[in-house]
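Visitor: starting from these lines, generate the structure:
(one chain, ligands or ions: 2)
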Amino acid sequence: MEKLFSIPLLPADYETYGALKTVRRLSQMKSLYADQEAADRLLENGDPVIYEVYELPHPNDETDLLVNITVLYPGYVGDEPYMTKGHFHREPDTAEAVIGLSGEGELLVQNREGELRSLKVAAGRISYAGGGWAHRVVNTGSENLVFFAVSGANIVHDYETAAELNFKKRQ
Ligand code: S6P
Ligand code: ZN
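Guide: Ligands and ions are numbered 1, 2, ... in the order given. Alright, predicted model coming up:
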């Protein structure tokens with residue numbers, strides 16, 4: 001894909017332009033949920049899709065931007081709503097902006113010291129997490145939560161540190 005484009009900000013249009021689609025199912029992130037028995041019960045009846053990420057196929061040189069759309073489905077594991085895995089950025093630890101396209105939820109952010117904050121995600125609203133803040137989106141509504149996320153394409157996703165903290169308040 002040429003690095004000059006103007007396309008609709010919709011998953012279907014991203015697919016038309018050859019987006020890479022990553023499907024995240026419960027079995028791939030089960031350990032992140034607090035209620036493991038509830039997760040096991042759900043998995044007995046299949047492996048629900050929690051979210052899908054659409055990434056445009058232009059080469060990600062370090063001067064580019066990642067401009068992904070995520071569709072986060074509504075649902076619960078026990079009493080915990082469906083959520084993304086969540087990650088820190090490293091090399092370099094740069095910011096990310098999340099812009100809601102439809103639905104509603106929250107952007108949980110947590111720094112490496114464990115401080116936890118929550119920012120609203122909704123259509124027409126931008127939520128910004130500066131460097132040093134791991135970010136996870138949670139669908140607190142009853143519809144699909146569709147959001148656009150933009151960050152530098154030079155980041156490395158650090159899922160491990162975010163999973164250790166897991167967006168929980170320190171005891
Ligand atoms: C990438 C950006 C989003 C997420 C997506 C899924 O930097 O933050 O595209 O990748 O929302 O979240 P996660 O935590 O599974 O990558
Ligand atoms: Zn990110």
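
Visitor: could I get the buried residue list for the one helix or strand residue 88 maps to?
Guide: Element membership of residue 88 [criterion: DSSP states H and E] is strand 88-90. Neighbour counts using 16 or more other Cβ atoms under 10 Å place 88, 89 of strand 88-90 among the buried residues. The way it works is simple: take the backbone N, C-alpha and C, and place the C-beta from them, glycine included.

Visitor: so how far is that strand off the chain centroid?
Guide: Averaging C-alpha positions (Cα atoms, centre = their mean, to the nearest Å) puts strand 88-90 13 Å from its chain's average.

Visitor: so what strands line up beside that strand?
Guide: With DSSP bridges as the test, strand 88-90 is paired with strand 156-158 (antiparallel).

Visitor: what's the strand holding residue 88 in contact with?
Guide: Contacts to strand 88-90, defined as Cβ atoms under 8 Å, 6 or more residues apart in numbering, come from residues 96, 112, 131-134, 151-152, 155-158, 161-162.

Visitor: which of those residues lies closest to residue 49?
Guide: residue 157 (20.0 Å; Cβ to Cβ).
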